[in-house]
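Chemist: Structure here, sequence nowhere to be found:
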Ligand code: SF4
Ligand code: SF4
Ligand code: SF4
(Lines give C-alpha, C1' and ligand atoms only; values in the text may rest on other atoms or scores of the structure.)
(Ligands and ions follow the chains in the order given, each with its own letter.)
Protein backbone atom coordinates (compact mmCIF):
# COMPACT_ATOMS: atom_id res chain seq x y z
CA UNK A 1 0.00 0.00 0.00
CA UNK A 2 1.42 3.43 -0.94
CA UNK A 3 1.60 6.18 1.67
CA UNK A 4 -1.09 8.35 0.04
CA UNK A 5 -3.56 5.45 0.28
CA UNK A 6 -2.66 4.95 3.91
CA UNK A 7 -3.09 8.65 4.73
CA UNK A 8 -6.39 8.92 2.83
CA UNK A 9 -7.78 5.94 4.76
CA UNK A 10 -6.58 7.30 8.09
CA UNK A 11 -8.20 10.67 7.45
CA UNK A 12 -11.41 9.08 6.14
CA UNK A 13 -11.63 6.89 9.25
CA UNK A 14 -11.16 9.90 11.51
CA UNK A 15 -13.82 11.92 9.71
CA UNK A 16 -16.38 9.11 9.73
CA UNK A 17 -15.73 7.98 13.29
CA UNK A 18 -16.05 11.52 14.62
CA UNK A 19 -19.26 12.00 12.66
CA UNK A 20 -17.82 15.12 11.04
CA UNK A 21 -18.94 13.90 7.61
CA UNK A 22 -21.62 11.45 6.50
CA UNK A 23 -19.74 10.18 3.47
CA UNK A 24 -16.21 10.19 2.06
CA UNK A 25 -16.08 10.37 -1.72
CA UNK A 26 -12.85 8.93 -3.07
CA UNK A 27 -11.37 6.41 -5.46
CA UNK A 28 -11.38 2.64 -5.42
CA UNK A 29 -9.68 0.19 -7.78
CA UNK A 30 -11.28 -0.17 -11.21
CA UNK A 31 -11.41 -3.01 -13.72
CA UNK A 32 -7.64 -2.80 -14.47
CA UNK A 33 -4.71 -1.13 -12.63
CA UNK A 34 -5.04 1.77 -15.10
CA UNK A 35 -8.61 2.51 -14.02
CA UNK A 36 -10.14 3.77 -10.80
CA UNK A 37 -13.77 4.02 -9.86
CA UNK A 38 -15.45 6.62 -7.63
CA UNK A 39 -16.50 5.13 -4.28
CA UNK A 40 -18.75 6.48 -1.55
CA UNK A 41 -17.69 5.31 1.91
CA UNK A 42 -20.24 5.83 4.68
CA UNK A 43 -18.83 3.63 7.49
CA UNK A 44 -15.41 3.79 9.13
CA UNK A 45 -15.01 0.02 8.75
CA UNK A 46 -15.21 0.41 4.96
CA UNK A 47 -12.34 2.88 4.48
CA UNK A 48 -10.15 0.13 3.00
CA UNK A 49 -12.23 0.50 -0.16
CA UNK A 50 -10.35 3.76 -0.75
CA UNK A 51 -7.05 3.90 -2.58
CA UNK A 52 -4.74 6.26 -4.44
CA UNK A 53 -2.87 5.55 -7.65
CA UNK A 54 -2.03 7.24 -10.98
CA UNK A 55 -5.33 5.77 -12.20
CA UNK A 56 -7.41 8.25 -10.14
CA UNK A 57 -8.48 10.33 -13.14
CA UNK A 58 -12.07 11.33 -12.39
CA UNK A 59 -12.86 14.82 -11.14
CA UNK A 60 -14.87 13.98 -8.01
CA UNK A 61 -16.16 17.55 -7.61
CA UNK A 62 -18.98 16.31 -9.81
CA UNK A 63 -20.28 14.14 -6.96
CA UNK A 64 -19.77 16.82 -4.30
CA UNK A 65 -22.16 18.97 -6.28
CA UNK A 66 -24.67 16.13 -6.50
CA UNK A 67 -24.50 15.63 -2.70
CA UNK A 68 -25.23 19.31 -2.01
CA UNK A 69 -27.87 19.77 0.68
CA UNK A 70 -27.34 16.27 2.15
CA UNK A 71 -25.00 17.28 4.96
CA UNK A 72 -21.24 17.58 5.11
CA UNK A 73 -19.18 15.36 2.83
CA UNK A 74 -15.46 14.70 2.47
CA UNK A 75 -13.82 14.32 -0.90
CA UNK A 76 -10.44 13.24 -2.16
CA UNK A 77 -9.29 16.01 -4.48
CA UNK A 78 -6.34 16.54 -6.79
CA UNK A 79 -5.29 20.07 -7.77
CA UNK A 80 -7.81 20.34 -10.58
CA UNK A 81 -10.63 18.76 -8.54
CA UNK A 82 -10.05 21.24 -5.71
CA UNK A 83 -10.24 24.09 -8.19
CA UNK A 84 -13.59 22.74 -9.41
CA UNK A 85 -14.82 22.66 -5.82
CA UNK A 86 -13.69 26.26 -5.35
CA UNK A 87 -15.60 27.21 -8.50
CA UNK A 88 -18.75 25.51 -7.20
CA UNK A 89 -18.40 27.41 -3.91
CA UNK A 90 -17.95 30.68 -5.81
CA UNK A 91 -21.08 29.92 -7.83
CA UNK A 92 -23.01 29.02 -4.66
CA UNK A 93 -23.68 25.45 -5.76
CA UNK A 94 -22.11 24.13 -2.56
CA UNK A 95 -21.18 25.70 0.76
CA UNK A 96 -17.58 25.70 1.96
CA UNK A 97 -18.64 24.46 5.39
CA UNK A 98 -20.33 21.42 3.80
CA UNK A 99 -17.18 19.95 2.29
CA UNK A 100 -13.98 18.64 3.82
CA UNK A 101 -11.33 18.50 1.12
CA UNK A 102 -8.74 15.74 1.45
CA UNK A 103 -6.26 17.28 -0.96
CA UNK A 104 -3.69 15.05 -2.64
CA UNK A 105 -0.64 16.46 -4.40
CA UNK A 106 -0.78 14.91 -7.81
CA UNK A 107 1.95 14.02 -10.27
CA UNK A 108 -0.48 13.25 -13.09
CA UNK A 109 -2.99 10.52 -13.87
CA UNK A 110 -3.10 8.01 -16.67
CA UNK A 111 -5.52 8.10 -19.58
CA UNK A 112 -6.28 4.41 -20.29
CA UNK A 113 -7.15 5.36 -23.87
CA UNK A 114 -3.50 6.34 -24.44
CA UNK A 115 -2.01 3.03 -23.27
CA UNK A 116 -2.50 0.99 -26.43
CA UNK A 117 -1.10 3.71 -28.74
CA UNK A 118 1.89 3.80 -26.35
CA UNK A 119 2.40 0.04 -26.90
CA UNK A 120 1.03 -1.10 -23.52
CA UNK A 121 -1.51 -3.92 -23.35
CA UNK A 122 -3.95 -2.88 -20.64
CA UNK A 123 -5.31 -6.44 -20.51
CA UNK A 124 -2.00 -7.78 -19.20
CA UNK A 125 -1.30 -4.87 -16.86
CA UNK A 126 -0.61 -6.14 -13.34
CA UNK A 127 0.37 -2.91 -11.61
CA UNK A 128 0.79 0.79 -12.20
CA UNK A 129 2.54 3.10 -9.77
CA UNK A 130 4.02 6.56 -9.45
CA UNK A 131 7.61 6.87 -8.30
CA UNK A 132 9.79 9.99 -7.94
CA UNK A 133 7.62 11.96 -10.35
CA UNK A 134 7.75 9.10 -12.89
CA UNK A 135 5.52 6.12 -13.68
CA UNK A 136 6.18 2.40 -13.79
CA UNK A 137 4.08 -0.50 -14.98
CA UNK A 138 4.26 -4.27 -14.76
CA UNK A 139 2.73 -6.29 -17.59
CA UNK A 140 4.02 -9.62 -16.28
CA UNK A 141 7.70 -9.22 -17.18
CA UNK A 142 8.65 -7.02 -14.25
CA UNK A 143 8.35 -3.27 -13.73
CA UNK A 144 9.27 -0.95 -16.58
CA UNK A 145 9.27 2.87 -16.63
CA UNK A 146 6.55 4.58 -18.66
CA UNK A 147 6.88 7.74 -20.71
CA UNK A 148 4.70 10.27 -18.89
CA UNK A 149 4.13 12.24 -22.11
CA UNK A 150 2.77 9.12 -23.81
CA UNK A 151 0.31 7.84 -21.20
CA UNK A 152 -0.80 10.69 -18.94
CA UNK A 153 -4.13 12.39 -19.39
CA UNK A 154 -3.22 15.17 -21.80
CA UNK A 155 -4.38 17.89 -19.37
CA UNK A 156 -1.75 16.73 -16.87
CA UNK A 157 1.04 17.62 -19.25
CA UNK A 158 0.00 21.27 -19.07
CA UNK A 159 -0.95 21.33 -15.40
CA UNK A 160 0.55 24.00 -13.18
CA UNK A 161 -1.62 23.40 -10.10
CA UNK A 162 -0.93 19.79 -9.08
CA UNK A 163 -1.17 20.83 -5.43
CA UNK A 164 -4.77 21.65 -4.44
CA UNK A 165 -5.03 25.42 -3.86
CA UNK A 166 -7.84 24.66 -1.40
CA UNK A 167 -7.83 21.81 1.13
CA UNK A 168 -8.54 20.90 4.75
CA UNK A 169 -6.06 18.03 4.82
CA UNK A 170 -3.12 17.97 2.43
CA UNK A 171 -1.41 14.71 1.52
CA UNK A 172 1.92 14.57 -0.28
CA UNK A 173 4.50 17.08 -1.42
CA UNK A 174 4.47 19.30 -4.49
CA UNK A 175 5.71 17.13 -7.38
CA UNK A 176 8.70 18.35 -9.42
CA UNK A 177 6.78 18.96 -12.64
CA UNK A 178 7.37 21.34 -15.51
CA UNK A 179 4.19 22.14 -17.46
CA UNK A 180 4.64 21.49 -21.18
CA UNK A 181 4.23 24.21 -23.78
CA UNK A 182 0.66 24.45 -24.97
CA UNK A 183 -0.46 23.01 -28.30
CA UNK A 184 -0.25 25.72 -30.93
CA UNK A 185 -3.19 26.53 -33.18
CA UNK A 186 -2.96 28.15 -36.58
CA UNK A 187 -2.79 31.94 -36.20
CA UNK A 188 -4.59 32.45 -39.48
CA UNK A 189 -8.33 32.62 -38.67
CA UNK A 190 -9.49 30.66 -41.72
CA UNK A 191 -6.96 27.93 -41.03
CA UNK A 192 -8.02 27.83 -37.38
CA UNK A 193 -11.69 27.65 -38.35
CA UNK A 194 -10.88 24.79 -40.69
CA UNK A 195 -8.99 23.00 -37.91
CA UNK A 196 -11.93 23.20 -35.54
CA UNK A 197 -14.52 22.40 -38.23
CA UNK A 198 -12.65 19.19 -38.91
CA UNK A 199 -12.41 18.37 -35.19
CA UNK A 200 -16.06 19.16 -34.48
CA UNK A 201 -17.18 17.11 -37.48
CA UNK A 202 -16.04 14.01 -35.57
CA UNK A 203 -18.40 14.73 -32.65
CA UNK A 204 -21.24 12.23 -32.23
CA UNK A 205 -22.99 14.44 -29.64
CA UNK A 206 -23.02 11.79 -26.98
CA UNK A 207 -22.60 14.62 -24.41
CA UNK A 208 -20.16 12.60 -22.33
CA UNK A 209 -18.03 15.76 -22.15
CA UNK A 210 -20.94 17.64 -20.61
CA UNK A 211 -21.96 14.88 -18.20
CA UNK A 212 -18.46 14.47 -16.77
CA UNK A 213 -17.82 18.18 -16.21
CA UNK A 214 -18.42 19.52 -12.68
CA UNK A 215 -19.05 22.97 -14.13
CA UNK A 216 -21.77 21.78 -16.58
CA UNK A 217 -24.66 21.79 -14.15
CA UNK A 218 -27.44 23.78 -15.83
CA UNK A 219 -30.73 22.16 -14.85
CA UNK A 220 -31.70 22.23 -18.49
CA UNK A 221 -28.83 22.38 -20.96
CA UNK A 222 -29.39 24.54 -24.04
CA UNK A 223 -28.84 21.40 -26.13
CA UNK A 224 -31.95 19.82 -24.60
CA UNK A 225 -34.22 22.80 -25.18
CA UNK A 226 -35.84 21.57 -28.34
CA UNK A 227 -38.77 24.05 -28.43
CA UNK A 228 -36.34 26.98 -28.39
CA UNK A 229 -34.23 25.31 -31.02
CA UNK A 230 -30.80 26.59 -30.07
CA UNK A 231 -29.37 23.42 -31.47
CA UNK A 232 -31.15 20.43 -32.93
CA UNK A 233 -30.46 16.76 -32.31
CA UNK A 234 -29.05 16.46 -35.82
CA UNK A 235 -25.40 15.48 -35.89
CA UNK A 236 -24.04 17.83 -38.52
CA UNK A 237 -21.33 20.42 -38.93
CA UNK A 238 -23.23 23.61 -37.97
CA UNK A 239 -25.02 21.87 -35.07
CA UNK A 240 -21.80 20.47 -33.71
CA UNK A 241 -20.14 23.85 -34.12
CA UNK A 242 -22.99 25.49 -32.18
CA UNK A 243 -22.70 22.94 -29.37
CA UNK A 244 -18.96 23.28 -28.94
CA UNK A 245 -18.70 27.05 -29.21
CA UNK A 246 -21.65 27.62 -26.85
CA UNK A 247 -20.24 25.16 -24.34
CA UNK A 248 -16.82 26.82 -24.56
CA UNK A 249 -18.34 30.23 -23.84
CA UNK A 250 -20.43 28.84 -20.96
CA UNK A 251 -17.22 27.53 -19.45
CA UNK A 252 -15.03 30.57 -20.07
CA UNK A 253 -13.57 31.65 -16.73
CA UNK A 254 -15.02 28.51 -15.11
CA UNK A 255 -13.14 25.59 -16.67
CA UNK A 256 -10.28 24.47 -14.40
CA UNK A 257 -8.50 22.36 -17.02
CA UNK A 258 -9.06 18.94 -15.44
CA UNK A 259 -9.29 17.43 -18.92
CA UNK A 260 -12.06 15.01 -18.06
CA UNK A 261 -14.17 16.17 -21.03
CA UNK A 262 -11.36 15.26 -23.39
CA UNK A 263 -10.51 11.98 -21.64
CA UNK A 264 -14.05 10.62 -22.01
CA UNK A 265 -14.60 11.81 -25.58
CA UNK A 266 -15.00 8.73 -27.79
CA UNK A 267 -14.14 10.77 -30.88
CA UNK A 268 -10.73 11.96 -29.68
CA UNK A 269 -11.55 15.65 -30.07
CA UNK A 270 -8.89 17.88 -28.42
CA UNK A 271 -11.46 19.71 -26.30
CA UNK A 272 -8.75 20.75 -23.84
CA UNK A 273 -7.01 22.78 -26.51
CA UNK A 274 -10.14 24.87 -26.93
CA UNK A 275 -10.80 25.17 -23.21
CA UNK A 276 -7.22 26.16 -22.45
CA UNK A 277 -7.33 28.80 -25.13
CA UNK A 278 -10.47 30.26 -23.53
CA UNK A 279 -8.80 30.15 -20.12
CA UNK A 280 -5.73 31.97 -21.39
CA UNK A 281 -7.90 34.66 -23.01
CA UNK A 282 -9.75 35.19 -19.72
CA UNK A 283 -6.45 35.33 -17.86
CA UNK A 284 -5.01 37.86 -20.34
CA UNK A 285 -8.13 40.04 -20.27
CA UNK A 286 -9.04 39.91 -16.60
CA UNK A 287 -6.03 38.44 -14.78
CA UNK A 288 -8.28 35.64 -13.55
CA UNK A 289 -7.87 31.87 -13.30
CA UNK A 290 -10.80 29.65 -12.45
CA UNK A 291 -11.03 27.98 -9.07
CA UNK A 292 -7.99 29.52 -7.40
CA UNK A 293 -9.94 31.40 -4.71
CA UNK A 294 -13.36 30.31 -3.41
CA UNK A 295 -13.99 33.86 -2.14
CA UNK A 296 -13.33 35.56 -5.48
CA UNK A 297 -16.24 36.89 -7.53
CA UNK A 298 -16.83 34.72 -10.64
CA UNK A 299 -15.10 36.71 -13.34
CA UNK A 300 -17.83 36.84 -15.98
CA UNK A 301 -20.59 37.43 -13.46
CA UNK A 302 -19.13 40.72 -12.28
CA UNK A 303 -18.58 44.14 -13.77
CA UNK A 304 -15.84 46.67 -13.12
CA UNK A 305 -15.76 50.25 -14.33
CA UNK A 306 -12.40 49.67 -15.97
CA UNK A 307 -13.56 46.61 -17.93
CA UNK A 308 -13.28 46.87 -21.69
CA UNK A 309 -16.47 47.11 -23.71
CA UNK A 310 -19.68 49.17 -23.72
CA UNK A 311 -20.48 50.57 -20.30
CA UNK A 312 -23.90 52.03 -21.04
S1 SF4 B 1 -4.57 18.25 -14.23
FE2 SF4 B 1 -2.99 18.47 -12.62
S3 SF4 B 1 -4.03 18.09 -10.68
FE4 SF4 B 1 -5.38 17.38 -12.32
S5 SF4 B 1 -4.95 15.20 -12.53
FE6 SF4 B 1 -3.59 16.25 -13.98
S7 SF4 B 1 -1.66 16.69 -12.89
FE8 SF4 B 1 -3.23 16.11 -11.38
S1 SF4 C 1 -17.73 13.59 -25.67
FE2 SF4 C 1 -16.83 13.97 -27.70
S3 SF4 C 1 -18.24 13.03 -29.15
FE4 SF4 C 1 -19.34 13.21 -27.19
S5 SF4 C 1 -20.42 15.19 -27.35
FE6 SF4 C 1 -18.47 15.60 -26.34
S7 SF4 C 1 -17.08 16.18 -28.01
FE8 SF4 C 1 -18.84 15.17 -28.95
S1 SF4 D 1 -14.66 21.78 -19.44
FE2 SF4 D 1 -13.48 19.86 -19.31
S3 SF4 D 1 -11.51 20.50 -18.47
FE4 SF4 D 1 -12.94 22.16 -18.04
S5 SF4 D 1 -13.74 21.73 -15.98
FE6 SF4 D 1 -15.15 20.78 -17.46
S7 SF4 D 1 -14.45 18.65 -17.68
FE8 SF4 D 1 -12.78 19.82 -16.71
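Modeler: Yep, that arrived. Only a predicted model underlies this, so the values are computations on that prediction, with no experimental measurement involved. Residues are numbered from 1 along each chain as shown. Ligands and ions are numbered 1, 2, ... in the order given.

Chemist: And for residue 287, the neighbour number?
Modeler: 8 (other C-beta atoms under 10 Å). (C-beta placed from N, C-alpha, C; glycine too.)

Chemist: Contact partners for the most centrally placed residue in the chain?
Modeler: The centre of the chain sits closest to residue 258, judged by C-alpha atoms, centre = their mean, with a distance of 2.8 Å. Residue 258 makes contact with 59, 80-81, 83-84, 155, 214 under the criterion C-beta atoms under 8 Å, 6 or more residues apart in numbering.

Chemist: swap in residue 97?
Modeler: residue 72 are the contacts of residue 97 under C-beta under 8 Å, 6+ apart.

Chemist: Give me the three-state assignment for it.
Modeler: Per DSSP: H, G, I helix; E, B strand; the rest coil, the local secondary structure of residue 97 is helix.

Chemist: ranges for the helices of the protein?
Modeler: 3-17, 61-66, 79-90, 148-151, 154-157, 189-200, 208-211, 237-250, 260-264, 271-286 (DSSP state H).

Chemist: Any idea how far apart the tips of stretch 11-28 sit?
Modeler: 15 Å (C-alpha to C-alpha, to the nearest Å).

Chemist: With stretch 11-27 instead?
Modeler: 14 Å.

Chemist: Next, work out how far apart residue 244 and ligand 1 are.
Modeler: According to C-beta to the nearest ligand atom, to the nearest Å, residue 244 and ligand 1 sit 21 Å apart.

Chemist: now swap in residue 19 and tell me
Modeler: When residue 19 is compared with ligand 1 (using C-beta to the nearest ligand atom), they lie 30 Å apart.

Chemist: again, but for residue 82
Modeler: 8 Å.

Chemist: for that residue, what are its contacts?
Modeler: Contacts of residue 82 (C-beta under 8 Å, 6+ apart): 61, 101, 103, 164-167, 291.

Chemist: So which of those residues is the closest to ligand 1?
Modeler: The closest of these to ligand 1 turns out to be residue 164 (C-beta to the nearest ligand atom; 7.8 Å).

Chemist: surely the closest one meets residue 76?
Modeler: No. Residue 164 lies out of contact with residue 76 (C-beta atoms under 8 Å); the separation is 10.1 Å.

Chemist: what is in contact with those two at once?
Modeler: Taking C-beta under 8 Å, 6+ apart as the contact rule, residue 164 and residue 76 both touch residue 104.

Chemist: Give me the local confidence score for whichever residue of the stretch 51-200 of the chain sits closest to ligand 2.
Modeler: Residue of the stretch 51-200 of the chain nearest ligand 2, by C-beta to the nearest ligand atom: residue 200 (7.8 Å). The model reports residue 200 with a pLDDT of 95.

Chemist: List the single closest residue to it in space, sequence neighbours excluded.
Modeler: residue 240 (4.3 Å; C-beta to C-beta, 6 or more residues apart in numbering).

Chemist: measure that neighbour to ligand 1 for me?
Modeler: Counting by C-beta to the nearest ligand atom - residue 240 and ligand 1 are separated by 26 Å.

Chemist: Next: residue 301.
Modeler: For residue 301 relative to ligand 1 (C-beta to the nearest ligand atom), the value is 25 Å.

Chemist: for this structure, which spans come out with low pLDDT?
Modeler: Where the chain drops to pLDDT under 70, the residues are 177, 227-230, 309-312.

Chemist: Ligand 1 contacts on that one?
Modeler: 78-80, 106, 108-109, 153, 155-156, 159, 162, 258-259 (C-beta under 6 Å from any ligand atom).

Chemist: let's see it at 5 Å
Modeler: Residues of the chain lying close to ligand 1 (C-beta under 5 Å from any ligand atom) are 78-80, 106, 108-109, 155-156, 159, 162.

Chemist: If you drop the residues flanking it in sequence, what lies closest to residue 71?
Modeler: Residue 71 sits nearest to residue 22 (C-beta to C-beta, 6+ apart), 4.7 Å away.

Chemist: pretty sure the one you found contacts residue 74?
Modeler: No. Using C-beta under 8 Å, residue 22 is not in contact with residue 74, being 9.1 Å away.

Chemist: Compare those two and say which one has the larger neighbour count.
Modeler: residue 74 (26 against 15).
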